[in-house]
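**Student:** Give me coordinates for this.
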Amino acid sequence: MYNAWMRLRPRIRLPFRLRRRAERASALVLFATLVLVEGVGRRFRSDVGDAAALAFITLVVGWCAMLHQRTALAWVSALRRALARAGSFLQSRWFDIGVDLRREPPIPRGVPAILLGTIVGLTGSTLAVLAWIVFAGTPLRTVVAPLFYLGWISCVALLWAALALAIVLMLFLPPAYIHDHMVANWTHATPRSRSREFLLIGAYFVSALVAGVALPVWVAAALIGLALLVAVTYVWIPPRRRLNLVWCDRRTKEIRAIEWNPFLTLLGPVFVLPFLLAILLSVGPLAVGMSRSATAMPITAFLGHVTAWLSAWGLCVLAGAWAYHAHVLRRNDPEAPAPTRLHIAGAEREGDLEGIERVLRQRRWRARLHPAPPDPTDVRIELVDHARAPGADRGDALRVSRTALDIPEFHDVLARRDVEQRRRVLLEVLEAILKRAERRRFRSGTGFWIAPQYWWFSAVTRDHYEESEHGEDETLISEVIPPYYHRALPRPARHHMHQVCRSLGVDLIFLEDGVGFRGLELVLRRMFDRYDRLEGSRLIEESDFTGLPRIRVILHDYEMERPLRREKYPEPDYEDLGRARILHIFKDRDEPPEEWTLPFDLDSLLQPAGVG
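**Tutor:** Residues are numbered from 1 along each chain as shown. As a prediction, this is how the structure comes out:
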């Protein structure tokens with residue numbers, strides 16, 4: 001019955017004369033309400049009266065909205081169009097930004113003007129409010145409310161909305177980050193226990209509550225500043241390879257480049273300063289260590305205290321967790337050298353260690369001696385007497401004579417075995433990750449982004465991320481398909497992937513849904529083959545992938561405002577990309593060859609002369 005009424009209600013239209021009366025009546029009621037609130041509100045002495053005035057205005061606005069649903073009110077429609085134009089204006093002044101994986105040719109550098117303007121506005125507002133609190137000593141209410149009460153409660157409503165939004169964000173973001181960290185670091189096939197996650201989330205809320213009761217508010221403001229300082233300081237620790245970003249102005253379509261260090265340095269104040277400004281406006285002198293209390297604003301002060309401590313604790317958790325996560329990713333940078341590592345068993349005689357050290361110095365290799373356990377990418381050898389074992393293999397270990405380490409040709413065998421093991425481990429881990437990802441069912445998106453060769457790509461991601469249909473254990477804000485690369489994939493294997501992709505000119509791999517790991521394996525093995533054959537003489541091309549069954553490989557030099565534009569193949573979502581050479585792996589959509597069947601009468605076939 002309710003659904004039928006909702007479908008019928010938009011079709012109800014009052015006669016023209018009644019609509020005109022409704023427009024005049026609604027405008028008159030709203031105007032009278034505002035005049036009444038302006039006159040009565042100047043007598044209020046606390047924000048409890050402000051809350052009552054806002055509730056009364058909300059009821060009248062809600063009644064006007066219901067009337068607008070019955071019959072379109074001209075002034076409401078004009079107001080909505082004005083708000084829509086203002087939103088479109090602000091949105092057009094923003095910018096799109098993505099990662100620049102090409103770097104060549106260079107793009108002129110620049111900083112988004114809207115970002116600088118936002119920082120200047122927030123910094124100026126924060127310093128102005130701080131100066132008023134310290135030097136003026138007069139509550140803003142006593143100055144603004146007697147002059148223009150509607151303006152005052154409008155500012156109070158915006159402040160309460162900002163404080164409520166900050167509380168909601170700090171109730172969600174730190175627990176979500178803890179959840180994502182636990183999910184993405186879980187590499188086992190068994191279900192994950194959530195006891196540790198619940199313990200950390202509970203500790204976060206309990207510690208914020210204890211600090212809010214025991215410590216003054218200015219400590220919270222100091223902690224927010226400390227969180228910003230930690231995040232900005234870590235950003236400027238130079239990585240092995242700097243990350244370039246490309247941004248495009250939505251209005252002028254101009255494309256500029258900026259490194260991630262200054263961009264994140266500018267983005268930090270944009271995220272943190274609104275919290276400080278809201279706290280200064282809500283709790284006033286208490287935020288800077290002054291003893292005066294905001295007794296005339298009990299609702300605002302309560303929201304300000306809650307926001308202060310949730311923001312302080314939450315921003316400290318986010319800044320510390322982000323710095324730790326970025327440190328782990330950069331410590332496992334695939335671009336860093338990863339020399340061959342030998343795992344040697346049987347080095348028991350006196351001269352064995354001297355021979356091993358000599359080989360390691362010559363080839364700049366590393367070694368791990370038994371009984372230390374080997375890593376998956378270690379080249380395992382076992383030294384034995386030549387007469388007892390003339391070079392046979394036992395499992396993954398090469399059984400070689402003690403004099404074999406002095407033979408240069410044997411060094412080449414070990415180097416080739418190291419490459420083969422890195423490729424084998426890379427394929428095995430990617431197969432496990434993709435099988436885990438393909439068990440989930442997605443309602444949108446077309447495939448997966450795969451880039452284990454970069455430290456800033458922490459895991460497999462979707463081109464359009466969303467929660468899966470069946471609610472598996474998945475990330476909430478990091479938008480990655482667990483596990484992290486650095487947890488599941490050894491760094492030597494990722495380093496080899498970096499060498500292959502850099503030599504062949506492949507920045508990113510896109511795998512369409514339905515292709516599966518077998519299609520990816522065929523493409524990677526073809527890339528390995530071309531890497532061995534070409535030796536960096538040229539970049540890989542689409543023609544190098546001809547003959548692969550049931551898949552189509554397309555290489556696309558992506559830039560902002562330059563999509564793929566292939567009719568038969570879906571367009572991935574390039575939201576976080578600025579410039580890259582992408583290798584797309586699609587299902588082959590070419591028409592299948594026409595089946596040829598034998599006719600019933602074989603005599604009707606053309607025959608060569610002299611036959612028959």
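**Student:** what's the residue most central in space within the chain in contact with, if anything?
**Tutor:** In the chain, the residue lying closest to the centroid (Cα atoms, centre = their mean) is residue 478, at 4.7 Å. Shown in contact with residue 478 (Cβ atoms under 8 Å, 6 or more residues apart in numbering): 177, 180, 184, 458. To be clear about C-beta, it is placed using only N, CA and C from the backbone, and glycine gets the same treatment.
**Student:** Flag the least confident of these.
**Tutor:** Lowest in pLDDT among the contacts of residue 478 is residue 184, which has 82.
**Student:** Give me the nearest residue to it, chain neighbours excluded.
**Tutor:** residue 482 (4.2 Å; Cβ to Cβ, 6 or more residues apart in numbering).
**Student:** Quick one: neighbours of the one you found, just the number.
**Tutor:** 25 (other Cβ atoms under 10 Å).
**Student:** Confirm for me that it is in contact with residue 475.
**Tutor:** Yes: with contact defined as Cβ atoms under 8 Å, residue 482 counts as touching residue 475 (6.7 Å).
**Student:** Overlap of the contact sets of the two?
**Tutor:** Common contacts of residue 482 and residue 475 (Cβ under 8 Å, 6+ apart): 183-184.
**Student:** Now do the strands in the stretch 451-600 of the chain.
**Tutor:** 461-462, 508-512, 551-559, 577-587 (DSSP state E, counting those that start in this stretch).
**Student:** So what are the sheet partners of the first one and their directions?
**Tutor:** Just to be clear, that refers to strand 461-462. The pairing partners recorded for strand 461-462 under DSSP bridges are strand 447-450 (antiparallel).
**Student:** circling back: looking at the strands of the stretch 451-600 of the chain, which is buried most?
**Tutor:** Highest mean neighbour count among those (mean count of other Cβ atoms under 10 Å): strand 508-512, with a mean of 23.
**Student:** Next, the angle from that strand to strand 577-587.
**Tutor:** Strand 508-512 and strand 577-587 are oriented at 40 degrees to each other (axes from the mean of the first three to the mean of the last three Cα atoms, to 10 degrees).
**Student:** Now do strand 508-512: distance to the chain's middle.
**Tutor:** 17 Å (Cα atoms, centre = their mean, to the nearest Å).
**Student:** just checking, what packs against it?
**Tutor:** Helices and strands touching strand 508-512, by 3 or more Cβ pairs under 8 Å, 6 or more residues apart in numbering; DSSP states H and E, are strand 447-450, helix 516-534, strand 577-587.
**Student:** can these go into CSV with extra columns for distance to residue 29 and mean pLDDT?
**Tutor:** Compiled in CSV, those are given as follows (distance: least, Cβ to Cβ, whole Å; pLDDT from 0 to 100):
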stretch, distance to residue 29, mean pLDDT
strand 447-450, 55, 90
helix 516-534, 63, 92
strand 577-587, 52, 87
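**Student:** What's the first helix or strand after the top helix by length along the chain?
**Tutor:** In the chain, assigned by DSSP state H, the helix with the most residues is helix 149-184. Downstream of helix 149-184, the first helix or strand assigned by DSSP states H and E is helix 195-214.
**Student:** List the contacts of the closest residue to residue 542 other than its chain neighbours.
**Tutor:** Counting by Cβ to Cβ, 6+ apart, residue 555 is the residue found nearest to residue 542 once chain neighbours are left out, at 5.3 Å. By Cβ under 8 Å, 6+ apart, residue 555 lies in contact with 506, 540-542, 581-584.
**Student:** Columns distance to residue 284 on top of these, output as TSV?
**Tutor:** Shown next, in TSV, are the contacts of residue 555 (distance: Cβ to Cβ, whole Å):
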residue	distance to residue 284
506	57
540	63
541	66
542	65
581	55
582	53
583	57
584	57
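**Student:** how about low-confidence regions in the stretch 451-600 of the chain?
**Tutor:** Applying pLDDT under 70 to the stretch 451-600 of the chain picks out residues 465-473, 561-567, 591-600.
**Student:** List the contacts of the residue nearest to residue 184.
**Tutor:** For residue 482, the contact set (Cβ under 8 Å, 6+ apart) comprises 183-186, 436, 459, 474-475.
**Student:** Kindly reformat those as TSV and extend each row with neighbour count and distance to residue 273.
**Tutor:** Formatted as TSV, those follow (neighbours: other Cβ atoms under 10 Å; distance: Cβ to Cβ, whole Å):
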residue	neighbour count	distance to residue 273
183	21	31
184	22	30
185	15	32
186	17	36
436	17	40
459	24	31
474	21	32
475	21	28
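**Student:** Would you mind checking which of those residues is nearest to residue 304?
**Tutor:** Nearest to residue 304 among the contacts of residue 482, counting by Cβ to Cβ, is residue 475 at 32.0 Å.
**Student:** nearest spatial neighbour of that closest one, skipping sequence neighbours?
**Tutor:** Nearest non-adjacent residue to residue 475, counting by Cβ to Cβ, 6+ apart: residue 180, 4.3 Å away.
**Student:** That neighbour contacts residue 479, correct?
**Tutor:** No: in terms of Cβ under 8 Å, residue 180 does not count as a neighbour of residue 479; the distance is 9.0 Å.
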